[in-house]
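Asker: Everything below, folded, please.
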Amino acid sequence: MFKMADKVYDTIIIGSGAAGMSAAIYASRAMLDFIVIEKSGVSGGQMLNTSEIDNYPGFIGESGAELAMAMRTHALKLGAEIISKTVTSVKKCDDIWKLACEDGTEYSAKSIIAATGADYRRLGVPGEAELAGRGVSYCAVCDGRFFKNKTVAVVGGGDTAAEDALYLSEICDRVYLIHRRDKLRAKAYLAEQVQKKENIIPLWNSEIVDIQGYTKVDKIVLKDGRIIEADGVFAAIGEVPQNDLFKDSAKTDDSGFLIAGEDCATSAEGLFAAGDLRSKKLRQVVTAAADGANAVTSAEKYLERRKK
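Answerer: Here you go, the predicted model:
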C-alpha cells in the first residue's frame, strides 16, 4: 500500500540530467515549492557518457560528469531538494498529479516537469560498452571534432546516419557508412549528398559484429569477416524515449517522444516535457538546459492560471 503524501507541491521534476537540473535552478529562482526525483541517484543523464564536452558555453574540455556535477551543485546551492527514488506511475486525479514510487511512497503536485530523457539504441556487439567514450559514440555533433583527419565508421541507414556521415565527412579523412541493407532509408536528398561525397564509403549489406581496441577503438569486424581499421564508431540507429510514465497521459510522435513546443507544454494540462524526451530536431546539453528553463516558465504561468 502506498504512503499517501498530504503535501501538494507546485511542481515535481522527474529526472536530473541537463533539463532537470536547469529546471531545478529556475524553479528555485521562481521560489516554487518543488522537488526533483532521480531514479539513479546520480545526476547527469547522458552527459555521464561523454568523456569531453566542448560545445557547452563556458565549459571547455571538461567531462560530462564534471558538467553534471557543476549543474547539480548549482541547483543544490539554490535550495533544490533531489530525492533518489524510482517513480513507477504518474497519473492525474482531478486537478492534481499523483506519483507513485517503487518503495511505496506517493507524491502529489499541481504540475509535472518530465525530464526523463532518452537512451541511444545500442549496437549490442562486443567491445561497444567497453570502448564507449573511447572511440564509440552516439552523437556525431558532440564528438566529431575529436576525430579530425581520422577514419571513422557510421552505423545506420536512416536520416540520422546520413546526416552524421555528411557532418563527419567535413572533419574526418574517411567515413565508412555501414548499413545492413543495399541502400539508405534516408530522405532522397540526403542519400544523394552522401553519394556525392568522395570520402564517404558505403558498405552495403554489412553489419558490425565486433569493435576492437585496447585503450581506444582501432578496428571493427564485419559479419562477412572483413576487418576495417577505424578510430571511431558512431552508432546512428535511433533513440528510445524514456516515456513509460507519460505516454498514456500526453500525445507522442511516431517515435514515442512527447509532443511539445518551445514552451514545453504537452497535450496534458500541467505536464511539461523538457530535454531529450521532447519531440524536437536537436538534442544537445545546451538545448536540454534551455528546455528546463522554458518548462519552469510555462509551469509558473500555468500555476498562476490555476489561482484565477
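Asker: what about the residue lying closest to Ala30 once chain neighbours are set aside, distance to Val233?
Answerer: Taking C-beta to C-beta, 6 or more residues apart in numbering as the measure, Ala30 lies nearest to Glu300, with 5.6 Å between them; neighbours along the chain are not counted. The C-beta positions use only the backbone N, C-alpha and C, and glycine is treated the same way. The spacing between Glu300 and Val233, counted by C-beta to C-beta, to the nearest Å, is 43 Å.
Asker: Same drill for these two, tell me which one is more crowded.
Answerer: For Glu300 versus Val233, neighbours defined as other C-beta atoms under 10 Å are more numerous around Val233 (28 against 18).
Asker: Where does the more buried one sit, in terms of helix or strand?
Answerer: Val233 is part of strand 232-235 when elements are defined by DSSP states H and E.
Asker: Gly261 too?
Answerer: Since the elements are taken from DSSP H and E, Gly261 ends up inside neither a helix nor a strand.
Asker: per-residue confidence at it?
Answerer: Note for Gly261: predicted pLDDT of 97.
Asker: Quick check: the residue nearest to Ala30 is in a helix.
Answerer: Yes. Assigned with DSSP: H, G, I helix; E, B strand; the rest coil, Glu300 falls within a helix.
Asker: pLDDT score for it?
Answerer: As summarised for this prediction, Glu300 has a pLDDT of 98.
Asker: Could you shift the numbering so residue one becomes 259, and keep it that way?
Answerer: Taking 259 as the first residue, the last one we looked at is Glu558.
Asker: That one contacts Leu290, doesn't it?
Answerer: Yes. The pair formed by Glu558 and Leu290 meets the contact definition of C-beta atoms under 8 Å, at 7.2 Å.
Asker: list the buried ones in the longest strand along the chain?
Answerer: Ranked by residue count under DSSP state E, the longest strand found in the chain is strand 364-372. The neighbour-count check on strand 364-372 (16 or more other C-beta atoms under 10 Å) flags Tyr365, Ser366, Ala367, Lys368, Ser369, Ile370, Ile371, Ala372 as buried.
Asker: strands paired with that strand, and their directions?
Answerer: For strand 364-372, the paired strands and their directions (DSSP bridges) are strand 266-272 (parallel), strand 354-359 (antiparallel), strand 529-531 (parallel).
Asker: from those strands, which stretch is densest packed?
Answerer: Between these, strand 529-531 has the highest mean count of neighbours, a mean of 28, where neighbours are mean count of other C-beta atoms under 10 Å.
Asker: Could you pull up the mean pLDDT of it?
Answerer: The average pLDDT within strand 529-531 is 98.
Asker: again with stretch 542-555
Answerer: 97.
Asker: so how far is that stretch off the chain centroid?
Answerer: Relative to its parent chain, stretch 542-555 has a centroid offset of 12 Å by C-alpha atoms, centre = their mean, to the nearest Å.
Asker: now swap in stretch 488-499 and tell me
Answerer: Per C-alpha atoms, centre = their mean, the displacement of stretch 488-499 from the mean C-alpha position of its chain is 13 Å.
Asker: Buried ones in it, by neighbour count?
Answerer: Neighbour-count burial for stretch 488-499, counted by 16+ other C-beta under 10 Å, picks out Ala488, Asp489, Gly490, Val491, Phe492, Ala493, Ala494, Ile495, Glu497, Pro499.
Asker: Poorly predicted segments of the stretch 259-408 of the chain, please.
Answerer: Flagging of the stretch 259-408 of the chain using pLDDT under 70 yields the residue ranges 259-263.
Asker: Which secondary structure state is assigned to Ile283?
Answerer: Local secondary structure at Ile283 is given as helix here, using three-state DSSP.
Asker: Next, the contact list for it, please.
Answerer: By C-beta atoms under 8 Å, 6 or more residues apart in numbering, the residues touching Ile283 are Met329, His332, Ala333, Leu336, Ala338, Gly550.
Asker: For the third one, pull up the helix or strand it's in.
Answerer: Taking DSSP H and E as the definition, Ala333 sits inside helix 322-335.
Asker: Now that Ala518 has come up, it's in contact with Gly533, right?
Answerer: No. No contact is recorded between Ala518 and Gly533 when judged using C-beta under 8 Å, the distance being 10.7 Å.
Asker: any idea how far Glu324 is from Glu310?
Answerer: From Glu310 across to Glu324, the span is 10 Å (C-beta to C-beta).
Asker: Revised request: answer the last question for Glu497.
Answerer: Distance of Glu497 to Glu324, computed by C-beta to C-beta: 24 Å.
Asker: now the helices for this structure?
Answerer: Secondary structure of the chain (DSSP state H): helices located at 276-287, 322-335, 398-401, 417-427, 446-454, 543-565.
Asker: so which of these gets nearest Leu381?
Answerer: Closest approach to Leu381 among the helices of the chain is made by helix 417-427 (12.3 Å; C-beta to C-beta).
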